[in-house]
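>>> Sequence and predicted structure below; questions after.
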There are 2 protein chains.
Amino acid sequence: MAGRRSDTRERIQQVALELFAEHGYEKTSLREIAERLEVTKAALYYHFKTKEDIVHSLVEKLVGAFDELLHWGSAQPRTHETTEEVLRRFSSLVNDEYGSEMQFIQQNVPTLKKFGVMMPLGQKVRELFQLVGAEGDDPATELKARLALVALVLGINPMFGGPEAAPPPEVALKVALELVAPRP
Amino acid sequence: MAGRRSDTRERIQQVALELFAEHGYEKTSLREIAERLEVTKAALYYHFKTKEDIVHSLVEKLVGAFDELLHWGSAQPRTHETTEEVLRRFSSLVNDEYGSEMQFIQQNVPTLKKFGVMMPLGQKVRELFQLVGAEGDDPATELKARLALVALVLGINPMFGGPEAAPPPEVALKVALELVAPRP
DNA sequence: GTCTATATAATGATAGAC
DNA sequence: GTCTATCATTATATAGAC
């Protein structure tokens, strides 16, 4: 019984994200998404009220994932091993399951700002580097904590990272740990 | 004699960049640019063949600035002071004169990729962190050299930096220098 | 849940007068 | 060097049949 499937919503999210990440939100038309799914535009509107709504649904999932990591981390003892595990889990999130979405977000900021999803996301990230940000809150320590997370996600940055120059995950993790270590 | 000025080309570049950086390339219409300049769309087409052409003209200037820094740096003795001065000049470039453009670039990647300007830019940046990248080329050292430059430009990243959390330039510079130091 | 058909609204770009 | 007027295209979104 093709034509009456029930996973269309998730398939829309998946295909839309692919195209958003590759060509950008504005240059990805609903027609294009529909064609790749072999449905019509009207079908998309059954599952999502607007094009913008697809983005909101995607971001919600990511915020949920960050929240989960934050909750887990806060419940652990504040040891070196915990920090390492937080960084490791963050690395997995932003490179595996949410790699495309992180790329989409970083490369379509004006759009996402207009949709009002940039600040909530920024807030979660801020909580994350508080979690790994050593004890002191002097500016240099804080900056290094930020850079630790950046190191783990540098592969998606085409200007300062770039896929071809993406450091192996172990290397990135090692450098990240150095950056959050109490004394270098 | 208003209506026959000769600096319109530069004014278009300036206003276009402002709008591109704030609302994104796709969502900035030529009508909007023309209105802010109090000219008509047709006038824009006298100075630039297409909308895309405006972007190319902007990127060319930045590549030129990077090239200038690269030439200067290569001609200096490879000392700690040189590295510091390269980082300082890079910081000035990306935060002062080309701050808006760096923001525009990082936040409109799909568009700029399609225009073919992303790879040449990435190449210049790669040369830049070779210039500051210590002697070794083991992956960790290389990653740290990248992060040094990233630290200096973190303010324009709304997810991992953000204007409100932009580190003072001296702090960023200090951390950047740590990152390219031979032994931490 | 998916389709056809259409309404509505912008946009990038061009022609030609002044 | 700037204007008026217009074209062609494409996009998001909706109405209503099946």
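Good, I have the coordinates. Here the structure is a predicted model, which means the values were calculated and not measured.
>>> contacting residues around the helix or strand hosting residue A:94?
Residue A:94 belongs to helix A:80-95 when elements are defined using DSSP states H and E. With CB atoms under 8 Å, 6 or more residues apart in numbering or on different chains as the test, helix A:80-95 has contacts from A:65-66, A:69, A:72-73, A:76, A:102, A:128, A:131-132, A:148-149, A:152-153, A:155-156, A:169, A:172-173, A:176-177, A:180. For the C-beta atoms, the positions are set from N, CA and C on the backbone; glycine is no exception.
>>> same deal with stretch A:168-184?
By CB under 8 Å, 6+ apart, the residues outside stretch A:168-184 that reach it are A:83-84, A:87-88, A:91, A:95, A:132-135, A:144-145, A:147-149, A:151-152, A:154, A:167, B:139-140, B:143-144, B:147, B:178, B:184.
>>> Now a ChimeraX select for only the buried ones of those.
Paste this into ChimeraX to select the buried members of the contacts of stretch A:168-184, with burial taken from 16 or more other CB atoms under 10 Å in any protein chain shown:
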select /A:83,84,87,88,91,95,132,133,134,144,145,147,148,149,151,152,154,167 /B:139,140,143,144,147,178
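>>> Can you give the distance of the helix holding residue A:94 from its chain's centre?
Distance of helix A:80-95 from the chain centroid (CA atoms, centre = their mean, to the nearest Å) equals 14 Å.
>>> so after it, what's the next helix or strand?
helix A:99-106.
>>> Show me what that following helix is packed against.
In terms of contacts (3 or more CB pairs under 8 Å, 6 or more residues apart in numbering or on different chains; DSSP states H and E), helix A:99-106 is packed against helix A:8-23, helix A:51-74.
>>> The same query, at a cut-off of 7 Å, please.
If you count contacts as 3 or more CB pairs under 7 Å, 6 or more residues apart in numbering or on different chains; DSSP states H and E, helix A:99-106 packs onto helix A:8-23.
>>> The helix it packs on near DNA strand D anywhere?
No - judged by CB under 7 Å from any atom of the strand, helix A:8-23 makes no contact with DNA strand D; its nearest approach is 10.1 Å.
>>> Buried residues, that helix. List them.
Residues of helix A:8-23 classed as buried: A:12-13, A:15-17, A:19-21, A:23 (neighbour count, 16+ other CB under 10 Å).
>>> One more: stretch A:62-82?
Buried residues in stretch A:62-82 (16+ other CB under 10 Å): A:62, A:65-66, A:69-70, A:73, A:82.
>>> ok, back up a step: out of the contacts of helix A:80-95, which are inside helices?
Counting by DSSP state H, the part of those found in helices is A:65-66, A:69, A:72-73, A:102, A:128, A:131-132, A:148-149, A:152, A:169, A:172-173, A:176-177, A:180.
>>> if I pick the most centrally placed residue in chain A, what's in contact with it?
Nearest residue to the geometric centre of chain A (CA atoms, centre = their mean): residue A:102, 3.3 Å. In this structure, residue A:102 makes contact with A:94, A:153, A:156, judged by CB atoms under 7 Å, 6 or more residues apart in numbering or on different chains.
>>> Buried ones from those, can you make that a PyMOL selection?
To isolate the buried ones among the contacts of residue A:102 in PyMOL, judged by 16+ other CB under 10 Å, type:
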select buried, chain A and resi 94+153+156
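>>> Would you format the contacts of residue A:102 as a markdown table with distance to residue B:40 included?
Listed next are the contacts of residue A:102 as a markdown table, based on distance: CB to CB, whole Å:
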| residue | distance to residue B:40 |
| --- | --- |
| A:94 | 46 |
| A:153 | 44 |
| A:156 | 40 |
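>>> Closest to chain B out of the contacts of residue A:102?
residue A:153 (7.7 Å; CB to the nearest CB).
>>> picking up where we left off before, can you lay out the buried residues of stretch A:62-82 as CSV showing pLDDT and distance to residue A:42?
Listed next are the buried residues of stretch A:62-82 as CSV, based on pLDDT from 0 to 100; distance: CB to CB, whole Å:
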residue, pLDDT, distance to residue A:42
A:62, 98, 28
A:65, 98, 31
A:66, 98, 34
A:69, 98, 38
A:70, 98, 39
A:73, 98, 44
A:82, 95, 50
